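Q: Below: sequence and its predicted model.
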Amino acid sequence: MDSIIQRIFDVAVIGAGPAGIAAALAAAETGASVALIDDNPAPGGQIWRGGRNASHHLEARRWLERLSKSRVTLIGGTRVFYAHSGALEAESDHSLWQLLYGKLILATGARELFLPFPGWTMPNVFGAGGLQALVKSGLPVKGKHVVIAGTGPLLLAVAAYLCERGADVLCICEQAPFARLRAFTLGMASYPGKLVETAQLRFRSRRAPYLTSAWPVAALGQDRLQAVRISDNGRLREIECEYLACGFHLVPNLELARALDCRVVDGFVGVNELQETSQPGVYCAGEPTGIGGVELSIVEGQIAGHAAAGRVSSAKRLLTTRARSRRAVKAMKKAFALRPELAALATPDTLLCRCEDVSFEAAQKHATWRAAKLHSRCGMGPCQGRVCGAAAEFLFGWTMDSSRPPIFPARCSSLAAISTPASPAQGHGGSQ
Ligand SMILES: Cc1cc2nc3c(=O)[nH]c(=O)nc-3n(C[C@H](O)[C@H](O)[C@H](O)COP(=O)(O)OP(=O)(O)OC[C@H]3O[C@@H](n4cnc5c(N)ncnc54)[C@H](O)[C@@H]3O)c2cc1C
C-alpha cells in the first residue's frame, strides 16, 4: 500500500515550467505557503527541462536559482490526476498526495500537435520537442541524419539544439509560405529582442537548409524510418534520414481546467485581467491560456501568483508587459497558421489513434469526437486522446469538450483513496 501524504497550502501551483515557477515565486513573496507540483523530477517545464544543473540558459538558471532559495515547497515527480474544489489528488512513485489549497494556479503547459500521415507511427519518427527532450536525457545524435518538419519557431530551436549536439540536420521543412514569414519578420521590427533571438537560432542551425511551403507527406521504411517523402513547394522528393522530428505547433493541456469546469474559449482557458478563470480562486497562466512562448508564460505566471496571494496592485503593474507579449504572439499565430493541405495527408488506413489502432477512415465515419470514441474506441487508450484528439480537432473540426477524472492513468489504490473534502477556509495558515 502506498503512503498517503496530506498537506495544506495557501496556494497550489500545478506545473513547474516558466509560468508555474514565476507564479509560485510571486505568491511566496507574501509569506503564503506555496506548493509547486510537477510530474518531472526537476523543475523547468519543457524549455528549461532538467533543472538548474542541466540548463545553459542564463534566464533559466536565474529563475531556477531563485526557486531553489525560496520557501516554495517543490513536489517533483508527482502527477496531479484528479482535481476538485479545494483539493488535488496526485501520485508519485510510492505515494498518494492529498493536497488542500486555498487558491489554485494551473500552469500545465502544452504538448506538441502531431498530424497523421502515412508512416507517422514508425520507429524513429518523433515529435520535434520530443526528440529534443530525448537528446536532453542522453540519446546520442552525433552524426545522425535528421529531418525536422512542421511549423513554428520550435523547429528552429530544435534544429539549433540538435546541430550543436553533432546531428546532421538535412533540412528544416516549414509548412508556412515564404510570403507569410517575410511579412511576419517585417512586422516584428518593433520586437527587436524576438528578432535577435530568432536570428541567433538560425545562426546556430545555419548548416541546415530552411525550406518554406514544405511538409512531410510520408515516412518510409520497413521496420524503422529510412527516408521521408516531402512536398517542397509542390514537388515531391525523398530524403534518406535516420530521424524525423515533426511538430505542427502546440496544443494546450486543458484537462485539469476542464475537470474543474473552468470556461474554455476557442480552445484555451478563459481568464480575466488577473489570470483568474471562471472558477473563483482558480487561476491559469502560460500555454493553457494561449500558446505564447516563454516570455508571456513568465509574465502571466507573475500576474497569477501576485493575484492569488492578494497583491492585486503588483499584478496590475505587469499588465502592459503582458499586453505587449500578447501582440507579438498574435502575429506569430497568423504567420504559422496550418495550411489546409495538412488535413489531407492521411490515407484511409493511416492510424489516427495509435493507442487503440483506429484508422483515419474508421474515425472519419463519425460526426463528433464523442461518437468516434463510443464506436471506434478512438482516444480511449493510455494517452486518453491527448494525441489523436488534438489531431481530430484539426482534421474534422471536432471539439474535445469534456475531461473525465482521472485525467491521467492512476493506481487503483490511489483511486480508492480519493477523498472529497470541503474547500478549506481561505487564508488558513501554513502547511501541515
Ligand atoms: C515538447 C516541447 C518542447 C519545447 N521546446 C522549446 C524550446 O526548445 N524552446 C522554446 O523556446 N520553447 C520550447 N517549447 C515551448 C515552451 O514549452 C513554452 O514556450 C514554455 O515553456 C511554456 O511554459 P509553461 O510554463 O507555460 O509550460 P511548460 O514549460 O510546458 O510547463 C508545464 C509543466 O506542467 C507539468 N504538468 C502538466 N500537467 C501536470 C499534471 N497534471 N501534474 C503535474 N505536472 C503537470 C508539465 O510536465 C510541465 O513540466 C517547447 C514545448 C514543448 C511542448
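A: That came through fine. Residues are numbered from 1 along each chain as shown.
Q: quick one, what contacts the most centrally placed residue in the chain?
A: The centroid of the chain falls nearest to Ala110 when counting by CA atoms, centre = their mean (1.6 Å). By CB atoms under 8 Å, 6 or more residues apart in numbering, Ala110 lies in contact with Gln46, Leu250, Val251, Pro252, Asn253, Glu287, Pro288, Ile291. C-beta coordinates here come from the backbone N, C-alpha and C atoms, glycine included.
Q: need the residues of the stretch 51-200 of the chain near the ligand, please.
A: 79-80, 107-112, 129-130, 132-133, 154, 157 (CB under 6 Å from any ligand atom).
Q: Mind doing that once more with 5 Å?
A: Residues of the stretch 51-200 of the chain lying close to the ligand (CB under 5 Å from any ligand atom) are Arg79, Val80, Thr108, Gly109, Gly129, Ala157.
Q: domain parsing for this protein?
A: 3-111+251-333+412-416, 114-248, 341-396 (automatic domain parsing).
Q: isn't Gly381 right next to Val358, touching?
A: No: using CB atoms under 8 Å, Gly381 is not in contact with Val358, being 9.0 Å away.
Q: ok, the two, which is more surrounded?
A: Ranked by neighbour count (other CB atoms under 10 Å), Gly381 and Val358 place Val358 first, with 22 against 18.
Q: For that one, give me the pLDDT.
A: At Val358, the model reports a pLDDT of 97.
Q: next one: the one 10 residues further on
A: Thr368 carries a pLDDT score of 94 in this model.
Q: Tell me how many other residues crowd it.
A: 15.
Q: Need the contacts of Ala110 in TSV (columns: neighbour count, pLDDT and secondary structure).
A: Output for these, formatted as TSV (neighbours: other CB atoms under 10 Å; pLDDT from 0 to 100; DSSP: H, G, I helix; E, B strand; the rest coil):
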residue	neighbour count	pLDDT	secondary structure
Gln46	20	90	coil
Leu250	20	94	strand
Val251	24	94	strand
Pro252	22	96	strand
Asn253	21	96	coil
Glu287	31	97	helix
Pro288	30	97	helix
Ile291	24	92	coil
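Q: any idea which of these is closest to Leu395?
A: Val251 (13.1 Å; CB to CB).
Q: now the closest one: how far from Phe114?
A: Here Val251 is placed at a distance of 10 Å from Phe114 (CB to CB, to the nearest Å).
Q: which residues do the two both contact?
A: With CB under 8 Å, 6+ apart, Val251 and Phe114 have common neighbours Ala390.
Q: Where does pLDDT dip in the stretch 1-150 of the chain?
A: 1, 50-56 (pLDDT under 70).
Q: repeat that with 80
A: Counting by pLDDT under 80, the stretch 1-150 of the chain shows low-confidence ranges at 1-2, 50-57.
Q: all helices of it, in order?
A: 18-28, 58-69, 128-136 (DSSP state H, counting those that start in this stretch).
Q: Would you mind finding the most buried of the ones you listed?
A: helix 18-28 (a mean of 30; mean count of other CB atoms under 10 Å).
Q: Please see if it touches the ligand.
A: Yes: using CB under 5 Å from any ligand atom, helix 18-28 comes into contact with the ligand via Pro18, Ala19.
Q: That helix to helix 58-69, inter-axis angle?
A: Counting by axes from the mean of the first three to the mean of the last three CA atoms, to 10 degrees, helix 18-28 lies at 40 degrees to helix 58-69.
Q: on contacts alone, who are the packing partners of helix 18-28?
A: The criterion is 3 or more CB pairs under 8 Å, 6 or more residues apart in numbering; DSSP states H and E, and the helices and strands that helix 18-28 contacts are strand 3-14, strand 34-37, helix 58-69, strand 95-106, helix 293-308.
Q: can you rerun that using 7 Å?
A: Other elements packing on helix 18-28 under the criterion 3 or more CB pairs under 7 Å, 6 or more residues apart in numbering; DSSP states H and E are strand 3-14, strand 34-37, helix 58-69, helix 293-308.
Q: okay if I get the ones you listed as JSON lines plus distance to Leu195?
A: Shown next, in JSON lines, are the helices and strands packed on helix 18-28 (distance: least, CB to CB, whole Å):
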{"stretch": "strand 3-14", "distance to Leu195": "32"}
{"stretch": "strand 34-37", "distance to Leu195": "33"}
{"stretch": "helix 58-69", "distance to Leu195": "17"}
{"stretch": "helix 293-308", "distance to Leu195": "14"}
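Q: can you tell me which of the ones you listed comes nearest to Phe203?
A: Using CB to CB, the nearest of the helices and strands packed on helix 18-28 to Phe203 is helix 58-69, at 17.6 Å.
Q: Pull that closest one out as PDB, backbone CA atoms only.
A: In PDB, the C-alpha atoms belonging to helix 58-69 read as follows (Å, rounded to 0.1, in the frame of the first residue of the first chain):
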ATOM      1  CA  LEU A  58      21.100  32.400 -18.300                       C
ATOM      2  CA  GLU A  59      17.500  33.300 -17.700                       C
ATOM      3  CA  ALA A  60      16.600  29.700 -16.800                       C
ATOM      4  CA  ARG A  61      19.500  29.500 -14.300                       C
ATOM      5  CA  ARG A  62      18.300  32.800 -12.700                       C
ATOM      6  CA  TRP A  63      14.800  31.600 -12.200                       C
ATOM      7  CA  LEU A  64      15.800  28.100 -11.100                       C
ATOM      8  CA  GLU A  65      18.300  29.500  -8.600                       C
ATOM      9  CA  ARG A  66      15.600  31.800  -7.200                       C
ATOM     10  CA  LEU A  67      13.300  28.900  -6.800                       C
ATOM     11  CA  SER A  68      15.900  26.800  -5.000                       C
ATOM     12  CA  LYS A  69      16.400  29.500  -2.500                       C
END
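Q: Show me how far that helix is from its chain's centre.
A: 21 Å (CA atoms, centre = their mean, to the nearest Å).
Q: list the helices and strands that helix packs on?
A: helix 18-28.
Q: now what about the helix it packs on, what contacts it?
A: 11, 13, 34, 36, 43, 45, 47-48, 63, 66-67, 70-72, 105, 107, 285-286, 294, 297-298, 300-302, 304-306, 308-309 (CB atoms under 7 Å, 6 or more residues apart in numbering).
Q: are any of those residues buried, and which?
A: Buried by 16 or more other CB atoms under 10 Å: 11, 13, 34, 36, 43, 45, 47-48, 63, 67, 70, 72, 105, 107, 285-286, 294, 297-298, 300-302, 304-306, 308-309, out of the contacts of helix 18-28.
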